[in-house]
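Engineer: what shape does this take:
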Amino acid sequence: MIRLGLTGSIGMGKSTIARMFRDEGIPVWDADEAVHRLYATSPVIRQKLTDAFGDVVTDGHVDRVKLSAALKMVDHGFDRLNAIVHPLVVDDRKVFMDAEERRHADLVVADIPLLYETGAESWLDYVLVVSAPADVQRARVMARPGMTAEKFAAILGRQMPDAEKRRRAHFVIDTGQSLDECRGEVRKLVNRFTGSGL
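Structural biologist: Purely as a prediction, here's the structure:
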């Protein structure tokens, strides 16, 4: 089973490319979705985050607005958050990957925003970086509700620069091109790793 990592900085179109892999019938494990699910369902994570950051729970779920505010009030807040959340996310990923291996999947995609930043390339076979010109990226991000230049800068500050991601990648898809062209590149990768269409 080939493990293909999918990553890209904010606004680069990673979610769109992940959806294209799903459309091709490829299983996709989504790190962000796993975090959201754990925030909603895991009593362990709720307790650990409450112990670390105070009242961050609303109606039995981790409240992302409260958590975001609390992170700003604590020294090394993001580092402490990652130390709590990351091991549980790794466990979630292992369950998913093991299940797909038992199903004899040829290819599995792991959608991980901070792939290089967390060293995830060590357990992956290949990495696909999704990229776009800086002006396209900025326009996409600034169009999001509630986004400000300051928030955008803070997010970029926690992410490895796009040029470095591209340099390290095995494959790059530029989402500045048309959706049809992007889909064609996804299909080429699927064909390469599954042997279909060859």
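Engineer: how about the helices in the protein?
Structural biologist: 14-23, 31-41, 43-53, 64-73, 77-102, 134-142, 149-157, 162-168, 179-194 (DSSP state H).
Engineer: export those helices to JSON lines and tack on mean pLDDT?
Structural biologist: Compiled in JSON lines, the helices of the chain are given as follows (pLDDT from 0 to 100):
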{"stretch": "helix 14-23", "mean pLDDT": "97"}
{"stretch": "helix 31-41", "mean pLDDT": "92"}
{"stretch": "helix 43-53", "mean pLDDT": "92"}
{"stretch": "helix 64-73", "mean pLDDT": "88"}
{"stretch": "helix 77-102", "mean pLDDT": "93"}
{"stretch": "helix 134-142", "mean pLDDT": "93"}
{"stretch": "helix 149-157", "mean pLDDT": "88"}
{"stretch": "helix 162-168", "mean pLDDT": "95"}
{"stretch": "helix 179-194", "mean pLDDT": "96"}
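Engineer: among those, which is the most enclosed?
Structural biologist: Sort these by mean neighbour count, taking mean count of other C-beta atoms under 10 Å, and helix 14-23 sits at the top with a mean of 18. C-betas here are computed from N, CA, C, even on glycine.
Engineer: which residues make contact with that helix from outside it?
Structural biologist: When contacts are defined by C-beta atoms under 8 Å, 6 or more residues apart in numbering, helix 14-23 is touched by residues 6-8, 28, 30, 109, 111, 113, 128, 130, 173, 175, 179, 182-183, 186, 190.
Engineer: how about E117, phi and psi?
Structural biologist: The main-chain torsion angles of E117 are listed as degrees, to the nearest 10 and equal phi -60, psi -30.
Engineer: how close does M1 get to H104?
Structural biologist: Between M1 and H104 the distance is 8 Å, computed by C-beta to C-beta, to the nearest Å.
Engineer: so between these two, which is more surrounded?
Structural biologist: More neighbours surround M1 than the other of M1 and H104, with 15 against 7 (other C-beta atoms under 10 Å).
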